[in-house]
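Visitor: sequence-free structure coming up:
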């Protein structure tokens, strides 16, 4: 029977310390005391840990340098293709990394890489000081990255089984604010459109939608909750057209869905916003191209990048601190797709 591979987590569990501390010691970086470093090396040898990526360093030979000088940014092919949203985050990250005297190494993660759990070479060889994960990869693959012991921060994604810092939009409160805004206009019959299985962010926006209805004493009509929505005109035309009656307002989890809903209800003979109001999310290009332009919850993309870098560099200096999630606010931008409902 094959002997199980010893991981950094095994060493950390044996010593009751964080995996990041083990990583710092084995890679020869500062951040742990000399006594702890020696203990980690001794325990690694006792457990039969196999050193990969670079040659084994003895405690006395450990390099007390400032690190490799590089930061990794990884994301799926799909995320990198979403230039309108993630492009600005990437540009901000690149600028912030350069301001701190480091370089940015970028790797698109294909489905094959995720299926095979194949790490980029510069991560496998520990040639970076920190990892930024942009949007969502598979949970197993994210844990593969975290298990390297390299400080890691997630951007616009989190999962209860991934133990790493995360920078997120305050999705629940933002959706709550959107519903409350519609309520203040006089709407009480509101619907939700999104695909909650696609992202935790969309599920959280549905929770905020329900929270606002609860707080405001409004009743949610289950027929108006489209939680499996596709960004496809034909799909939405069928789902919305099959409803017995329409809500007076739709809350859409992103601008793409808002754009399609806008054109769909107008094709059905309704006027926006006279008959139906629409609020979307992100403040992307489609919210400005729609006719009428869409009221939306704006996400500060530059703030995303700045906060992610600040958190990653802090985590590199504080590897044993508890993991945390930072929630960033949104701003309601009122445009022409919303008004009071017909009397």
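Guide: Yep, it's here. Everything quoted here is computed from the prediction, not taken from an experiment.
Visitor: all strands for the stretch 1-150 of the chain, in order.
Guide: 70-76, 103-109, 130-134 (DSSP state E, counting those that start in this stretch).
Visitor: Would you mind listing the buried residues in the second one?
Guide: This means strand 103-109. Under the neighbour-count criterion of 16 or more other Cβ atoms under 10 Å, strand 103-109 has 104, 105, 106, 107, 109 buried. C-beta here means a position set from N, CA and C on the backbone, and glycine is covered the same way.
Visitor: Name the member of those with the shortest distance to residue 139.
Guide: residue 109 (13.3 Å; Cβ to Cβ).
Visitor: and that closest one, what are its bridge partners?
Guide: residue 76 (DSSP bridges).
Visitor: Might one say that it is in contact with residue 141?
Guide: Yes: using Cβ atoms under 8 Å, residue 109 is in contact with residue 141, at 7.0 Å.
Visitor: looking at the strands of the stretch 1-150 of the chain, which is closest to residue 300?
Guide: strand 130-134 (15.9 Å).
Visitor: got a markdown table for the buried residues of strand 103-109, with distance to residue 243 too?
Guide: Shown next, in a markdown table, are those (distance: Cβ to Cβ, whole Å):
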| residue | distance to residue 243 |
| --- | --- |
| 104 | 47 |
| 105 | 49 |
| 106 | 44 |
| 107 | 44 |
| 109 | 39 |
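Visitor: List the contacts of residue 73.
Guide: Residues near residue 73 by Cβ atoms under 8 Å, 6 or more residues apart in numbering: 90, 93, 104, 105, 106, 107, 132, 134.
Visitor: redo that, cut-off 10 Å
Guide: 80, 89-90, 93-94, 97, 104-108, 128, 130-134, 155, 308 (Cβ atoms under 10 Å, 6 or more residues apart in numbering).
Visitor: got a markdown table for the strands of the stretch 1-150 of the chain, with distance to residue 255 and mean pLDDT too?
Guide: Shown next, in a markdown table, are the strands of the stretch 1-150 of the chain (distance: least, Cβ to Cβ, whole Å; pLDDT from 0 to 100):
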| stretch | distance to residue 255 | mean pLDDT |
| --- | --- | --- |
| strand 70-76 | 20 | 94 |
| strand 103-109 | 24 | 93 |
| strand 130-134 | 19 | 96 |
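Visitor: Mind putting those into CSV with distance to residue 314?
Guide: Below are the strands of the stretch 1-150 of the chain laid out as CSV (distance: least, Cβ to Cβ, whole Å):
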stretch, distance to residue 314
strand 70-76, 13
strand 103-109, 18
strand 130-134, 10
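Visitor: looking at those strands, which is closest to residue 85?
Guide: Short answer: strand 130-134, nearest of these by Cβ to Cβ, at 10.1 Å.
Visitor: What pairs with that closest one, parallel or antiparallel?
Guide: strand 70-76 (parallel), strand 152-155 (parallel).
Visitor: Can you mark which positions in the first one are buried?
Guide: Neighbour-count burial for strand 70-76, counted by 16+ other Cβ under 10 Å, picks out 71, 72, 73, 74, 75, 76.
Visitor: what's the angle between that strand and strand 103-109?
Guide: 20 degrees (axes from the mean of the first three to the mean of the last three Cα atoms, to 10 degrees).
Visitor: I'd like to know the predicted local confidence at residue 83, please.
Guide: We note a pLDDT of 73 for residue 83 in this prediction.
Visitor: contacting residues around it?
Guide: 90, 91, 285.
Visitor: residues near the second one, how many?
Guide: Counted with other Cβ atoms under 10 Å, the burial measure for residue 91 works out to 14 neighbours.
Visitor: now swap in residue 339 and tell me
Guide: Going by other Cβ under 10 Å, the residues that sit close to residue 339 add up to 17.
Visitor: Run a quick check on it versus residue 274, I expect a contact.
Guide: Yes: between residue 339 and residue 274 there is a contact under Cβ atoms under 10 Å: 6.9 Å.
Visitor: Wasn't residue 218 part of a helix?
Guide: No: going by DSSP: H, G, I helix; E, B strand; the rest coil, the assignment for residue 218 is coil, not a helix.
Visitor: Please name the nearest non-neighbouring residue to it.
Guide: In this structure, residue 218 finds its nearest non-sequential neighbour in residue 188, 5.5 Å apart by Cβ to Cβ, 6 or more residues apart in numbering.
Visitor: Quick check, pLDDT for that neighbour.
Guide: 98.
Visitor: try residue 337
Guide: Reported pLDDT at residue 337 in the predicted model: 98.
Visitor: and if you look at residue 63?
Guide: Note on residue 63: pLDDT of 42.
Visitor: One more: residue 4?
Guide: 75.
Visitor: returning to that earlier point: got JSON lines for the strands paired with strand 130-134, with distance to residue 167 too?
Guide: Formatted as JSON lines, the strands paired with strand 130-134 follow (distance: least, Cβ to Cβ, whole Å):
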{"stretch": "strand 70-76", "distance to residue 167": "13"}
{"stretch": "strand 152-155", "distance to residue 167": "5"}
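Visitor: Residue 229: which of the strands of the stretch 1-150 of the chain is closest?
Guide: From these, taking Cβ to Cβ, the stretch that ends up closest is strand 70-76, at 20.6 Å.
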